[in-house]
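Enquirer: Next one to model:
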Amino acid sequence: MIYQLPKPKSRTMTHFSNDFSNMDEFDALAQSIAAKLQCEVCLISIVNSEALVAVGYCGEPPARDDRSFHLRDTVCGRTIKAGRPLRIANAQKDPELSALPAVGLMSIGAYLGVPVSVEGRGVVGAICAISTSARIWRDSEESYLIAVSDLVESKIERHLLRFEQKALSAALAENDAILTMLSHIKGKAMTVHNAAGDLVFANCAMRNDLQLDTLEMLSLQEIARTLVPETTQPDGVDVALPVPAQTALNVQVSAHRNGLTLAEWSRKPVK
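Expert: Got it, this is the predicted structure:
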């Protein structure tokens with residue numbers, strides 16, 4: 001039988017903004033922007049799924065530990081969607097923007113925002129300057145914020161590179177774990193599954209010795225996902241695949257390590 005281990009934490013890119021290890025660097029940059037533009041609030045924000053996470057923040061509450069906003073509720077969400085700079089002289093007087101929760105929560109008057117883009121990924125966030133009173137933004141102020149966005153984009157790209165390197169290391173560690181497990185078993189029909197029950201490896205004996213056809217090979221993954229008891233059984237478990245009535249398969253877990261499960265398969269006459 002297949003023993004299903006707890007699912008690992010997601011490493012998908014939709015969660016990369018939670019992994020910023022040094023927000024102080026972005027906070028310091030946000031403070032510099034606020035001082036330069038003489039505004040009360042500055043946010044450097046990154047999209048994380050349906051949320052906008054302020055990796056850099058300067059201003060009054062929301063507090064430092066409350067950096068996440070619903071993307072649809074923010075003015076920066078409009079900047080990100082448009083993919084270009086957005087100047088608002090008075091959000092309180094704008095019939096569309098005044099209804100956004102963030103406008104009331106942060107007392108947004110004037111807003112200046114520019115998108116943050118990463119090559120190959122498109123727009124991933126925004127930088128914005130906020131004044132609590134109405135204000136006409138100058139071209140030079142917009143140009144300054146665009147120049148700062150170039151700096152932020154390079155920092156984000158370096159972070160993403162580090163993230164991808166970690167993901168690659170994790171994948172290599174998984175492959176190493178597979179090879180380590182396979183080194184202890186020879187001449188047996190076996191498969192390796194991850195913690196979700198996905199088939200990540202099947203040796204040639206699965207076809208040659210058990211004579212499985214393509215349909216049967218494809219059905220192994222579904223079988224693995226349905227065999228989820230808490231303990232293994234010494235004699236294994238008989239399973240029914242789309243095979244001739246006179247034969248069946250027996251599956252038995254032989255090892256599980258580093259989130260991976262190795263299963264041995266054999267033909268067994270139907271009783």
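Enquirer: Helices along the stretch 51-200 of the chain, start to end?
Expert: Taking DSSP state H, counting those that start in this stretch as the criterion, the stretch 51-200 of the chain contains helices spanning 75-82, 101-105, 139-182.
Enquirer: Do me a favour and average the pLDDT over the second one.
Expert: For helix 101-105, mean pLDDT is 87.
Enquirer: What of stretch 187-203?
Expert: Here the mean pLDDT over stretch 187-203 is 78, rounded to a whole number.
Enquirer: swap in stretch 139-147?
Expert: Stretch 139-147 comes out with an average pLDDT of 94.
Enquirer: Now it: buried residues?
Expert: For stretch 139-147, burial by neighbour count (16 or more other Cβ atoms under 10 Å) applies to 141, 142, 144, 145. (Each C-beta comes from the backbone N, C-alpha and C, glycine too.)
Enquirer: Where does residue 249 sit: helix, strand or coil?
Expert: Counting by DSSP: H, G, I helix; E, B strand; the rest coil, the backbone at residue 249 sits in strand.
Enquirer: From what I see, it and residue 209 are in contact.
Expert: No. Counting by Cβ atoms under 8 Å, residue 249 does not reach residue 209; the two are 11.6 Å apart.
Enquirer: what about residue 84, how many residues close to it?
Expert: Using other Cβ atoms under 10 Å, the number of residues around residue 84 comes to 10.
Enquirer: let me fix that: residue 252
Expert: Number of residues near residue 252 (other Cβ under 10 Å) recorded here: 18.
Enquirer: ok, then the element right after the helix or strand that contains it?
Expert: Per DSSP states H and E, residue 252 falls inside strand 247-257. Next in sequence after strand 247-257, counting helices and strands by DSSP H and E, comes strand 260-269.
Enquirer: gap between that next one and the chain center?
Expert: Relative to the chain's own centre, strand 260-269 is displaced by 33 Å; criterion: Cα atoms, centre = their mean, to the nearest Å.
Enquirer: Packing partners of it?
Expert: helix 139-182, strand 190-193, strand 247-257 (3 or more Cβ pairs under 8 Å, 6 or more residues apart in numbering; DSSP states H and E).
Enquirer: how about low-confidence regions in this structure?
Expert: Counting by pLDDT under 70, the ranges of the chain that qualify are 1-23, 61-66, 163-164, 167, 178-186, 224-247, 254-258, 268-271.
Enquirer: So what are the structural domains in it, by residue number?
Expert: 13-166, 184-269 (automatic domain parsing).
Enquirer: Can you lay out the ones you listed as JSON lines showing distance to residue 174?
Expert: Output for those, formatted as JSON lines (distance: least, Cβ to Cβ, whole Å):
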{"stretch": "domain 13-166", "distance to residue 174": "13"}
{"stretch": "domain 184-269", "distance to residue 174": "7"}
